[in-house]
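Chemist: one predicted model, sequence on top.
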Amino acid sequence: MDTDSYIFTITEIEEIPPRLKRTFRSGKTLPLEYRRQQLIQFGRMIQENRSAIEEALNTDMGKPRFEAGTSELVPTFTSIVTALNNIEEWAAPEKRKVEEWRSNWETMVYPVPKGCALIIAPWNYPFVLAFNPLAGAIAAGCPAIIKPSEHAPATAALSARLVGKYLDPDAYIVVNGGVAEATVLLNHRWDHIFYTGNPTVGRIIAEVAARHLTSVTLELGGKSPVVVAEDCDLEITARRILCGKVQNCGQLCISPDHVYVPRSIIPAFIEALKRAYAKFYPENVFNTSMAWGRMIHPAHHNTVIHQLEKTMGTVVLGGEVEGETRIAPTIVSEVAMDDALMEAEIFGPILPILPVDDVDEAIKRIADGPSPLVLYAFTNDEALQKRRAPVHLSGSIVINDTYIQLLVYELPFGGFGESGNGQYLGKSSFDAFTHRRSLLHVPTSYVFAPRVFFEDPLPSSSRR
Ligand code: NAD
């Protein structure tokens, strides 16, 4: 292993999955006491190395320390504490109620660990997206390999060093590297694969998993739309959309990608955005005192800049660029559906505004596209809020805010269709790595006596 980058040789990597399998088969990760002890160690790992982790995140992507703390360390720590507080209840066997005639049978559901897990993480939130799933794996009793992104090497190297120091090396290990290393890992048979990243690689993961019929969680990206209704509170709407857009310089899976605004309120909306921007960034955004990071690398920077150069819309705010990785928050108005900014997920600090006649037109346009990770809506109209739900499937719906849903770990988080498959956060993280195994114990005294079920009366409401 290279001791600077913590990258194993391919031969060393080949030996790791069998080691984890031996650990799982030995039953070591199963007792709740073991899981609790690993979770406590995991929590200590964060408490005792907060500063070093923030430093690594800053090195990798200029992430301001405050943002690194609130968006990466706090949610991971919360997941660990939530698992510690609830593991007993989550892992408890459940007695299922059955029909009277078999009520003396034993009918139980046991939440059991799926087995060995592979967690593959992306670069944009390199700590929380690697370690939030790990909290679920540990709580569920699954050994796991974490494969961080090669595009955030400082965080990846630190993660490997810390996991080696704090967690059980027989069960939890960070394997660094890029596609080659990921491919070696994927060639092994896993009991669950948890992948976060872009949908193109998501398809590769799904195909590889299909070879062994391995279950997968796919946390993918997509263009999450925002619908602004005429009745919304414009000041709050503008502030909250801008706040979501500027997180991590727009390099966020749940970033408000683009916004549909009724023509009648576009000028007022833009003015409100300008006021919010002036409050967020009273000085030049590139000043070192401003909490503003950068694009992960020049290639990604160029992709975003290229989209901006090709747009037929009008830049009404921002648009400044500095060096090879810094783009100021930028608002583009009068953007059409066939604009360059609408071709792919923007994944940068550009917010296109698409004019529509009304909310219904916006909803129709969204329904024509693939299912986004999240659908944001700003309205005070209760009827509109309710109507939105069944119209189009998205991973989730957030009304009157953006980005904040990541803090609400009581709700499952995940995409649907093009934006992913499976969910996590809070108990859903435990569930992602858990198989609910039924146990049926039939008394030897039971004599098979079939009933004619189809003669039971149907509820009257089912008649046409
Ligand atoms: P990335 O390039 O870091 O790739 C993600 C991981 O996949 C890395 O560990 C990488 O090594 C691995 N990988 C890449 N190619 C591979 C291959 N051919 N085979 C196996 N593994 C491979 O990150 P990215 O994909 O550019 O991440 C950004 C994307 O992730 C965006 O689309 C974003 O919306 C999405 N995302 C989704 C969520 C979510 O929770 N739904 C969170 C963050 C990011």
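Modeler: Perfect, I can see it now. Numbering: from 1, shown residues only.
Chemist: any idea how the chain splits into domains?
Modeler: Taking the TED database as the domain assignment, the record places the domains of the chain at 10-221+425-438, 225-369+374-413.
Chemist: the shortest one near the ligand anywhere?
Modeler: Okay, so that is domain 225-369+374-413. Yes. Contact between domain 225-369+374-413 and the ligand is present through 253, 345, 347 (criterion: C-beta under 6 Å from any ligand atom). C-betas here are computed from N, CA, C, even on glycine.
Chemist: so who does the last one touch?
Modeler: Contact criterion C-beta atoms under 8 Å, 6 or more residues apart in numbering gives 124, 221, 250-252, 255, 300, 304 as the residues in contact with Phe347.
Chemist: can you pull the contacts of the residue of the chain found nearest the ligand?
Modeler: Residue nearest to the ligand within the chain (C-beta to the nearest ligand atom): Gly221, separated by 2.0 Å. With C-beta under 8 Å, 6+ apart as the criterion, the residues that contact Gly221 are 197-199, 253, 345, 347, 373, 419.
Chemist: in the stretch 1-150 of the chain, which spans are strands?
Modeler: Ranges of strands in the stretch 1-150 of the chain, per DSSP state E, counting those that start in this stretch, are 94-95, 106-113, 117-120, 144-147.
Chemist: pick the most deeply packed of these.
Modeler: With neighbours defined as mean count of other C-beta atoms under 10 Å, those peak in mean count at strand 117-120, which reaches a mean of 27.
Chemist: in its sheet, what does that strand sit against?
Modeler: Listed by DSSP bridges, the sheet partners of strand 117-120 and their directions read strand 144-147 (parallel), strand 192-196 (parallel).
Chemist: just how off-centre is it within its chain?
Modeler: A distance of 14 Å separates the C-alpha centroid of strand 117-120 from that of its chain, computed with C-alpha atoms, centre = their mean, to the nearest Å.
Chemist: could you do stretch 336-350 as well?
Modeler: Between the mean C-alpha location of stretch 336-350 and the chain-wide mean there is a distance of 21 Å, by C-alpha atoms, centre = their mean.
Chemist: any idea which residue sits dead centre in this structure?
Modeler: Computing the C-alpha centroid of the chain and ranking residues by C-alpha atoms, centre = their mean puts Glu219 first, at 5.3 Å.
Chemist: tell me the contacts of it?
Modeler: Taking C-beta under 8 Å, 6+ apart as the contact definition, Glu219 lies against 129, 194-197, 253, 414-415, 420, 422, 424.
Chemist: His258 now?
Modeler: Listed by C-beta under 8 Å, 6+ apart, the contact partners of His258 are 223, 225-226, 335, 341-342, 346, 351-354.
Chemist: out of the residues you listed, which are buried?
Modeler: Burial of the contacts of His258 was assessed by neighbour count (16 or more other C-beta atoms under 10 Å); the buried members are 223, 225-226, 335, 341-342, 346, 351-354.
Chemist: restricted to strands, list the residues you listed.
Modeler: With strands identified by DSSP state E, the entries of the buried ones among the contacts of His258 that belong to them are 225-226, 351-354.
Chemist: pLDDT for those - can I get that in CSV?
Modeler: Formatted as CSV, the entries for these read as follows, by pLDDT from 0 to 100:
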residue, pLDDT
Pro225, 96
Val226, 97
Leu351, 98
Pro352, 98
Ile353, 98
Leu354, 98
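Chemist: ok so, going back, what subset of the contacts of Glu219 is buried?
Modeler: Taking 16+ other C-beta under 10 Å as the criterion, what is buried in the contacts of Glu219 is 129, 194-197, 253, 414-415, 420, 422, 424.
Chemist: that older thread, where does the residue nearest to the centre of the chain land on pLDDT?
Modeler: In this prediction, Glu219 carries a pLDDT score of 98.
Chemist: same question, the one 10 residues further on
Modeler: The model reports Ala229 with a pLDDT of 95.
Chemist: thought it was touching Ala383?
Modeler: No. At 10.7 Å, Ala229 and Ala383 do not qualify as touching, with contact defined as C-beta atoms under 8 Å.
Chemist: and these two? Which one has more around it.
Modeler: Counting neighbours by other C-beta atoms under 10 Å for Ala229 and for Ala383 shows that Ala229 has the greater number, 21 against 8.
Chemist: now do the contacts for that one.
Modeler: Applying C-beta under 8 Å, 6+ apart, one finds that Ala229 lies in contact with 262, 359, 377-381, 384.
Chemist: now the residues you listed in CSV, with distance to Gly69, neighbour count and pLDDT?
Modeler: Converted to CSV, the contacts of Ala229 look like this (distance: C-beta to C-beta, whole Å; neighbours: other C-beta atoms under 10 Å; pLDDT from 0 to 100):
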residue, distance to Gly69, neighbour count, pLDDT
Pro262, 38, 19, 97
Val359, 37, 22, 90
Ala377, 30, 23, 93
Phe378, 28, 25, 95
Thr379, 33, 21, 93
Asn380, 33, 13, 90
Asp381, 37, 14, 84
Leu384, 36, 18, 72
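Chemist: with pLDDT and distance to Lys165 as added columns, please give the residues of domain 225-369+374-413 next to the ligand in JSON lines.
Modeler: As requested, the residues of domain 225-369+374-413 next to the ligand are exported to JSON lines (pLDDT from 0 to 100; distance: C-beta to C-beta, whole Å):
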{"residue": "Cys253", "pLDDT": "96", "distance to Lys165": "30"}
{"residue": "Glu345", "pLDDT": "96", "distance to Lys165": "36"}
{"residue": "Phe347", "pLDDT": "97", "distance to Lys165": "33"}
